[in-house]
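[1] Provide a 3D model corresponding to the input given below.
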Amino acid sequence: MAKYRKKPVIIDAIKFDKYVTPEMVRNELGANPIVFEAPYFYIDTLEGRMEVSIGDYVMKGIKGEFYPCKPDIFEGSYDAV
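    Sure, this is the predicted structure:
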């Protein structure tokens, strides 16, 4: 069986917490939150509209797409640069 390693890629992301506003998400990533009602909001992704909860990261992919990521997965996959 062949083995593969994920290519090193630098992405933009913001962690959603109680201090993050829709304007911050727009300014940092260019993502446009659809509904913003603490403790969550929604963003449109390639897979459809997804909920972003407190603690989740919103990531901008290498092709400009947006998607949420749970903190344990994000922190296990990415390091700050």
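[2] what lines up beside the host helix or strand of residue 58 in the sheet?
    Assigned by DSSP states H and E, residue 58 belongs to strand 57-60. Next to strand 57-60 in the sheet, as set by DSSP bridges, lie strand 12-15 (antiparallel), strand 66-69 (antiparallel).
[3] give me the mean pLDDT for that strand.
    Taken as a whole, strand 57-60 carries a mean pLDDT of 92.
[4] again, but for stretch 36-46
    79.
[5] pull that stretch out as PDB, backbone CA atoms only.
    Only the C-alpha atoms of stretch 36-46 are listed here, as PDB (Å, rounded to 0.1, in the frame of the first residue of the first chain):
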ATOM      1  CA  PHE A  36     -25.400  35.700  13.200                       C
ATOM      2  CA  GLU A  37     -27.100  34.800  16.500                       C
ATOM      3  CA  ALA A  38     -24.800  34.000  19.400                       C
ATOM      4  CA  PRO A  39     -23.800  31.300  20.100                       C
ATOM      5  CA  TYR A  40     -23.600  30.500  16.300                       C
ATOM      6  CA  PHE A  41     -23.700  31.700  12.800                       C
ATOM      7  CA  TYR A  42     -23.900  30.100   9.400                       C
ATOM      8  CA  ILE A  43     -21.600  30.300   6.300                       C
ATOM      9  CA  ASP A  44     -22.100  29.000   2.800                       C
ATOM     10  CA  THR A  45     -19.600  26.300   1.900                       C
ATOM     11  CA  LEU A  46     -19.100  24.100  -1.100                       C
END
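[6] list the buried residues for that stretch?
    The neighbour-count check on stretch 36-46 (16 or more other CB atoms under 10 Å) flags 41-43, 45 as buried. For the C-beta atoms, the positions are set from N, CA and C on the backbone; glycine is no exception.
[7] adding distance to residue 25 and secondary structure, write those out as TSV.
    Formatted as TSV, those follow (distance: CB to CB, whole Å; DSSP: H, G, I helix; E, B strand; the rest coil):
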residue	distance to residue 25	secondary structure
41	8	strand
42	11	strand
43	8	strand
45	14	strand
